[in-house]
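**Student:** Following is a predicted model, sequence given first.
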Amino acid sequence: MIIIGSRIENKRWVMFHCPKCHHAAHARTSRYLTENTKERYHQCQNINCSCTFMTMETIERFIVTPGSIDPAPPHPTVGGQRPLWL
């Protein structure tokens, strides 16, 4: 089994490639197995291949962790915020 992780380049998700023919593969469905692990099914977009394969996405480590997380204030109620006119 080949486990490939997703990554971000230039603020765009990089698509998985088929492990058989190396063409683009789209994610079809996914589900969380644990809080930090997701199982994802992909299908190759090459009509002559159509390989379906599964990957696991897991959080391995944090690059930066927040000091403290402050909850955001609730959104103003209807009529509690004036419209912005430009």
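**Tutor:** Structure's in. What do you need? Residues are numbered from 1 along each chain as shown.
**Student:** Run through the strands of the protein in chain order.
**Tutor:** 8-9, 12-13, 16-17, 24-34, 37-44, 52-58 (DSSP state E).
**Student:** closest one to P71 among those strands?
**Tutor:** The closest of the strands of the chain to P71 is strand 24-34. By Cβ to Cβ, the value is 23.4 Å. From N, CA and C alone the C-beta is placed, and that goes for glycine too.
**Student:** one step back: nearest to I69 among the strands of the chain would be which one?
**Tutor:** strand 24-34 (20.9 Å).
**Student:** Parallel or antiparallel, which strands does the closest one pair with?
**Tutor:** strand 16-17 (antiparallel), strand 37-44 (antiparallel) (DSSP bridges).
**Student:** So, low pLDDT: which residues of the protein?
**Tutor:** By pLDDT under 70, the weakly predicted segments of the chain are 1-14, 77-86.
**Student:** want to try a markdown table for the strands of the chain, with distance to D70 and mean neighbour count as columns?
**Tutor:** As requested, the strands of the chain are exported to a markdown table (distance: least, Cβ to Cβ, whole Å; neighbours: other Cβ atoms under 10 Å):
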| stretch | distance to D70 | mean neighbour count |
| --- | --- | --- |
| strand 8-9 | 26 | 8 |
| strand 12-13 | 29 | 8 |
| strand 16-17 | 36 | 16 |
| strand 24-34 | 26 | 12 |
| strand 37-44 | 27 | 17 |
| strand 52-58 | 28 | 14 |
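**Student:** Now tabulate the ones you listed in CSV and tack on distance to P71.
**Tutor:** Below are the strands of the chain laid out as CSV (distance: least, Cβ to Cβ, whole Å):
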stretch, distance to P71
strand 8-9, 26
strand 12-13, 28
strand 16-17, 35
strand 24-34, 23
strand 37-44, 26
strand 52-58, 27
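**Student:** So for H75, which of the ones you listed sits nearest?
**Tutor:** strand 24-34 (27.5 Å).
**Student:** what sits up against that closest one?
**Tutor:** The contact list for strand 24-34 (Cβ atoms under 8 Å, 6 or more residues apart in numbering) reads 15-18, 38-46, 51-53, 56.
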